[in-house]
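Peer 1: Got a sequence here, can you build the structure:
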Amino acid sequence: MTGNDAATAPPAGTDGGTPAAEPPPHGLGASLLPTDAFPKTAGTFPYAADLWAEGLLWAAVLRSPHPHARIASIDTSAATEMPGVHAVVTHADVPGDSSQGRRVADRPVFAKDLVRHHGEPIAAVAADHPDTARLAAAAIAVEYEVLDPVTDPEKAFEAEPLHPDGNLIRHIPLCYGDEEVTGEVVVEGLYRIGRQDPAPIGAEAGLAVPRPDGGVDIYTASTDPHADRDLAAACFGLEPERVKVVVTGVPGAMGDREDPGMQLPLGLLALRTGHPVKIAVTREESFLGHAHRHPTLLRYRHHADAEGRLVKVEAQILLDAGAYADSSADSLAAAVAFACGPYVVPHAFIEGWAVRTNNPPSGHVRGEGAMQVCAAYEGQMDKLAAKLGLDPAELRLRNVMATGDLLPTGQTVTCPAPVAELLRAVRDAPLPALPKDTPEEDWLLPGGPGGAGEPGAVRRGVGYALGMVHMLGAEGADEVSTATVKVQDGVATVICAAVETGQGFTTLARQVVQETLGIDEVHVASVDTDQPPAGPAAHGRHTWVSGGAVERAAKMVRTQLLQPLAHKFGMSAELLSIADGKITSYDGVLSTTVAETLDGKELWATAQCRPHPTEPLDGTGQGDAFVGLAFAAVRAVVDVDIELGAVRVVEMAVAQDVGRVLNPRQLASRIEAGITQGVGAALTENLRTSAGVLRRPNLTGYALPTSLDAPDIRIVKLIEERDVVAPFGAKPASAIPVVTSPAAVAAAVRSATGRPVNRLPIRPQAAVATPARD
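Peer 2: Numbering: from 1, shown residues only. Okay, the predicted model is just below:
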């Protein structure tokens, strides 16, 4: 497939050359079309930015221009006196908890005495026109005492504390094996990973509507509505039942979607004014407000024997959390646990830190922690292969893990781990044609039509990478979801607070009910916090726990449907099957339709799904911290202009451990999207700062890959080895391509240039192999 073509995947377990079996018309395994596909394509799908209410006011947030400063005074009088302004709120107007945070409550709703990052909210305004609100926010006079920012995470250990809890958020000293062991061959490396932004296609927006009971309803594109509800209720000084979060259409989500610095002021203003209040932030405000991928510094030392088998890995990993903790402790746990990659390592000593700085806040972004270490350990594997004179793929094959091996955390890999099979699949896939075998068109050269160099300066490189991610939350997180399935008049309805972020949950829920109950027409109710919680949309949670809850509820309804029929005919309900809307007995004597059996009855059931428990990592980084793992192999093929340093990704071949293909078209699109996001992290995406201040926070300064940058993407193999503890046996599909593809691109650039390539994104000077022409 290509970046410009529709995504298609080969049959699972094949190389794409064998014709696929005819897919079922509906249910699991079918490429069921999402119900929102047409309205999104036609531009009629409703998002938060489209909402309206009678008596609507508009909000604007004043944000700090400094990354670090004391606030001497805040004068809101000029804003309050402006015509059309209904309210101005600051830290003094927060009736409940003045600090918030999903994991650590260290982030103020509004800065009070101290500003800790560029763009931190200071005040918010509600006015009768968006321009008036922005002008009033700009009229608020804030007197700052500017302080020197702490922007180097290595200096954060000795710097003055930026928070009462200090600058160290978490430290994990993982110790596994014998520290005195050494290998015959040793390679070292220093790696730096930049600040990737989720950059959702739609910026944050929301609407808050006050309620007669003194509460408030917040309409926003939340990916974790119950957590957002609880944060808001604590901030507003209200019981959770008096705050309702209604999830609108989600215009892209690669992590924690919404900025609490937007939601909380919105609700405060609605409660203060008694009017509905709306906000739709600019792209610059979006960059300033939400969390980014952790910039990371990694030092590695790999030990191997003369045959290339790993003996020991030593590493130091430093995550820049920015001003607040957010999910940094979780990201660090993933980084430390997966620091050696999907390889067997008898001895590992990994030390990881997450620290506060005055840089923009970091948080949950797809593949957090795992992506950064993948780039580093795969760089080390390339160095080791070069030193030993081995083929990079062969070196990896000598070290890959399998089911039954141990992670450096001491946890046994109990799930399917077909890592060797994945690597062989991408290694053996045919390579794309060389440039000389294709028309010499400018757009096929690195740099494209206005910046292409000489064809003679172009070198081709091939690189490999293996990656791994964990499924669901980790370290004792209570991963539970609740779902209700109702059937009436031949129509099924699913009620579950799992947010559809583009990962395909609503389609999966329809497929599960279709397969279990034989009902074609299945609706999935919109999400709000009146429903039982389903948790955040991350780490494949909703495929596992929410999909599992839907399946259990549907099976309970199935029992209600079949039991009376089985009793009537004197047989067990287990002897009846449902397919294509028909109920038949094992011997074919009984045959009727689901519609006839329902006969106007209303059936419903509610069920929960909760996976087996995990445990936190202990003081030496040991523990069964993860529910399960997923793996992928990627081969990147690049063309590099070695004089200009321009890179064109020609092809990405991917083989992925998916457990079970639930929706072929949807799975292929998730893999393609993940690869493209990974290519951006490898080559272009880096939210730059200067002394803590964001530089050019817009989509001109932040270079996302476009359709012209997207390479040909070939899904050469999907391995369906079901995870027996997972509902449906499926594994998460979106994060692992993001984790693995940047490392593969870097390996391919190394292959083309002979340069070390130790930084992502790859800068042009790192890809120049010879002096450029005058």
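Peer 1: Now do the spatially most central residue of the chain, the pLDDT please.
Peer 2: What sits nearest the mean C-alpha location of the chain, by CA atoms, centre = their mean, is residue 366, with 2.2 Å. Note for residue 366: predicted pLDDT of 90.
Peer 1: Could you do residue 471 as well?
Peer 2: Reported pLDDT for residue 471: 90.
Peer 1: Checking my notes, it in a helix, right?
Peer 2: No. Judged by DSSP: H, G, I helix; E, B strand; the rest coil, residue 471 forms no part of a helix; its state is strand.
Peer 1: could you pull out the strands for the stretch 101-250 of the chain?
Peer 2: 107-108, 114-115, 121-127, 141-146, 168-176, 185-193, 205-210, 216-220, 243-247 (DSSP state E, counting those that start in this stretch).
Peer 1: Direction included, what does the first one pair against?
Peer 2: Spelled out, it's strand 107-108. strand 99-100 (antiparallel) (DSSP bridges).
Peer 1: what's next to the partner strand, contact-wise?
Peer 2: Strand 99-100 is contacted by residues 105, 106, 107, 108, 109, 231, 234, 235, 260, 264 when judged by CB atoms under 8 Å, 6 or more residues apart in numbering. Placement of C-beta: from N, CA and C, glycine included.
Peer 1: Would you write a ChimeraX line that selects the buried entries of these?
Peer 2: Buried members of the contacts of strand 99-100, defined by 16 or more other CB atoms under 10 Å, are picked up in ChimeraX with:
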select :106,107,108,109,231,234,235,260,264
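Peer 1: For this structure, give me the ranges with low pLDDT.
Peer 2: 1-25, 255-259, 435-443, 448-453, 770-774 (pLDDT under 70).
Peer 1: Output the longest helix belonging to it.
Peer 2: Counting by DSSP state H, the longest helix found in the chain is helix 547-568.
Peer 1: can I assume residue 297 sits in a helix?
Peer 2: No. Looking at residue 297 with three-state DSSP, it is strand, so not inside a helix.
Peer 1: give me every residue that touches the residue lying closest to residue 551 once chain neighbours are set aside.
Peer 2: Leaving aside its chain neighbours, residue 551 sits nearest to residue 512 (5.1 Å; criterion: CB to CB, 6 or more residues apart in numbering). Residue 512 sits next to 28, 547, 550, 551, 554 when contact means CB under 8 Å, 6+ apart.
Peer 1: bridging residues for residue 362?
Peer 2: Going by DSSP bridges, residue 362 forms beta bridges with residue 292.
Peer 1: Just give me the neighbour total for it.
Peer 2: 27 (other CB atoms under 10 Å).
Peer 1: Contacts only, for it.
Peer 2: Counting by CB under 8 Å, 6+ apart, the residues that residue 362 touches are 195, 291-295, 319-322, 326, 328, 331.
Peer 1: ok so, going back, in terms of secondary structure, what does the longest helix of the chain contact?
Peer 2: Secondary-structure packing of helix 547-568 (3 or more CB pairs under 8 Å, 6 or more residues apart in numbering; DSSP states H and E): strand 481-488, strand 491-496, helix 505-517, strand 576-579, helix 594-598, strand 603-609.
Peer 1: still on that earlier bit, can you pick the most crowded of the contacts of residue 362?
Peer 2: residue 294 (32 neighbours).
Peer 1: in terms of contact, does that residue touch residue 319 like I think?
Peer 2: Yes. The pair residue 294 / residue 319 is scored as a contact, 4.4 Å apart, by CB atoms under 8 Å.
Peer 1: Find the residues that touch each one of these two.
Peer 2: 328, 331, 354, 362, 369, 372.
Peer 1: No more questions from me, cheers.
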